[in-house]
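Visitor: the following block contains a protein sequence and its predicted model.
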Amino acid sequence: MAEAERIIGTPDSAGADEPAAPEGTADGTAAPEEQPKGRRRIVALLVVAVLAYLLDLGSKMLVVAKLEGREAIPLIGDLLRLDAIRNPGAAFGMGEAFTIVFTCIAAVVIIVIVRLARKLYSLPWAIALGLLLGGALGNLTDRIFRSPGVFEGAVVDFIAPANFAVFNLADSAIVCGGILIVFLSFRGVDPDGTVHKD
């Protein structure tokens, strides 16, 4: 009788046996609550993305207003400086001849992240995708609105470590998001919250 009640899920059977592993999980370690939990993860993604975007946008506006056209400002001796430059290429100054290509890639990345968000139940993945989204939007804003023209604009970079390319906060967010995604993939954590072990 207890087994039959467990199968059909009658109230009398609540707590009688251990619950079965949630459907859709690989090893029973994740139990996504379909709608509310998914919405919370999307909100987390959006909050991270908006914060990353606003920090990047605000820092670039400040750099253009106060630093562009002036001498570099040393922060840690010769190891780290603030040095405003305009970068028509990709992150860290690569590929200057392909500005419009990188613009299209950034737009595609944003679309993919938005589509993936519908199946998002993992908070670490939400943070990682939020960093990617905020960073991509930050640099895409420069591509669209800065000179020399729409979809060909040069990105404002200003963080200049010694013996390294100059970059900005959007680049940093993209790199951090990418590193977190690689880490989660090695751990076997999927965006839907399930954990698989090969």
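Guide: Sure thing, it's come through. Residues are numbered from 1 along each chain as shown.

Visitor: burial check on residue 39, number of neighbours?
Guide: 12 (other Cβ atoms under 10 Å). Yep, even glycine has a C-beta here, placed from its N, CA and C like the rest.

Visitor: where does pLDDT dip in the chain?
Guide: The chain contains residues with pLDDT under 70 at 1-36, 89-100, 102, 197-198.

Visitor: show me the strands in it, by range?
Guide: Per DSSP state E, the chain carries strands over the ranges 73-76, 80-87, 155-161.

Visitor: so of those strands, which one's packed in deepest?
Guide: Comparing the strands of the chain by mean neighbour count (mean count of other Cβ atoms under 10 Å), strand 155-161 ranks first with a mean of 22.

Visitor: then that strand to CSV, C-alphas only?
Guide: C-alpha atoms of strand 155-161 as CSV (Å, rounded to 0.1, in the frame of the first residue of the first chain):
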residue,chain,number,x,y,z
VAL,A,155,36.3,51.2,-28.0
VAL,A,156,37.7,53.3,-25.1
ASP,A,157,40.4,51.4,-23.3
PHE,A,158,42.3,52.8,-20.3
ILE,A,159,43.7,50.1,-18.0
ALA,A,160,47.3,49.7,-19.0
PRO,A,161,49.4,47.1,-17.2
